[in-house]
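Undergrad: Structure for the following, please:
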Amino acid sequence: MIKIAIFASGSGSNAENIANYFAESNTVSIPLIISNKKDAYVHERAKKLGIKSVTFSKNEFETSDAVLDCLKENKIDFIVLAGFLLKVPDNILEAYPGKIVNIHPALLPKFGGKGMYGDNVHKAVVEAGETESGITIHYVNENYDEGAIIFQAKCPVLKSDTYEDVAKKVHTLEYTHFPVVISSVLDQTF
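TA: Below is the predicted model of the structure:
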């Protein structure tokens, strides 16, 4: 059984979608959700799904092995970032080489990097007059949004679209593709 930990900072809709996708799997389980925010709604979703969720402070992520120890205690094989806003520290990157993936709500390398998440991305896309946006699923390295790209899917951005319109289109792509791509990566990795 491949055990996945999901890292999330916010509402956790992608985390829930991924958990539901793998709920009936005989080969993949999601025993752990980790957040950097105590009040993130992802904890409520985890509770409803029967998944253990734990919060670690930014300081614990950056200056200790607390998160890594938790991953080892739960025998985690693979990490999925689903709306996780902190940079993954070196100790975790070293322990999970090629086994951490992230989803970004734009077509990298455009609109990536520190501070480019959620509505910030969609607003930037609209303000730049882009004609398309989408999602990028990529491996995680030591820099924000610079790991090797695994998969991209596109959606049109119309002149009349607000950033909320773009967000809805991008969320649809996330929910459709992220679990399937994770499954494919797991098949290639394990």
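
Undergrad: Ramachandran angles for the residue nearest the centre of the chain?
TA: Nearest to the geometric centre of the chain sits Ala82, at 2.2 Å (CA atoms, centre = their mean). When read as degrees, to the nearest 10, the backbone of Ala82 gives phi -130, psi 80.

Undergrad: which residues touch the residue lying closest to Val42 once chain neighbours are set aside?
TA: Setting aside the residues directly before and after it, Val42 is nearest to Gly12 in space (CB to CB, 6 or more residues apart in numbering), at 2.8 Å. All C-beta atoms are positioned from the backbone trio N, CA, C, and that covers glycine. Gly12 makes contact with 33, 40-46, 82-83 under the criterion CB atoms under 8 Å, 6 or more residues apart in numbering.

Undergrad: can you tell me the helix or strand for Val170?
TA: helix 163-189 (DSSP states H and E).

Undergrad: What residues sit buried inside that helix?
TA: 163, 166-167, 169-171, 173-175, 177-179, 181-183, 185-186 (16 or more other CB atoms under 10 Å).

Undergrad: try stretch 105-123
TA: 105-108, 111-112, 116-118, 121-123.

Undergrad: Can I get it in CSV, CA atoms only?
TA: Provided in CSV are the C-alpha atoms of stretch 105-123 (Å, rounded to 0.1, in the frame of the first residue of the first chain):
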residue,chain,number,x,y,z
PRO,A,105,-3.2,27.2,-10.9
ALA,A,106,-1.5,28.6,-14.0
LEU,A,107,0.6,27.5,-16.9
LEU,A,108,4.1,27.6,-15.5
PRO,A,109,6.6,29.1,-16.0
LYS,A,110,4.2,32.1,-16.2
PHE,A,111,2.6,33.4,-13.0
GLY,A,112,4.7,31.3,-10.7
GLY,A,113,6.9,32.0,-7.7
LYS,A,114,6.5,33.4,-4.2
GLY,A,115,3.2,35.1,-3.6
MET,A,116,1.6,33.6,-6.7
TYR,A,117,-1.2,31.4,-5.4
GLY,A,118,-5.0,31.3,-5.5
ASP,A,119,-6.7,34.5,-6.6
ASN,A,120,-3.4,36.3,-6.9
VAL,A,121,-2.6,34.1,-9.9
HIS,A,122,-6.0,34.5,-11.5
LYS,A,123,-5.9,38.3,-11.1
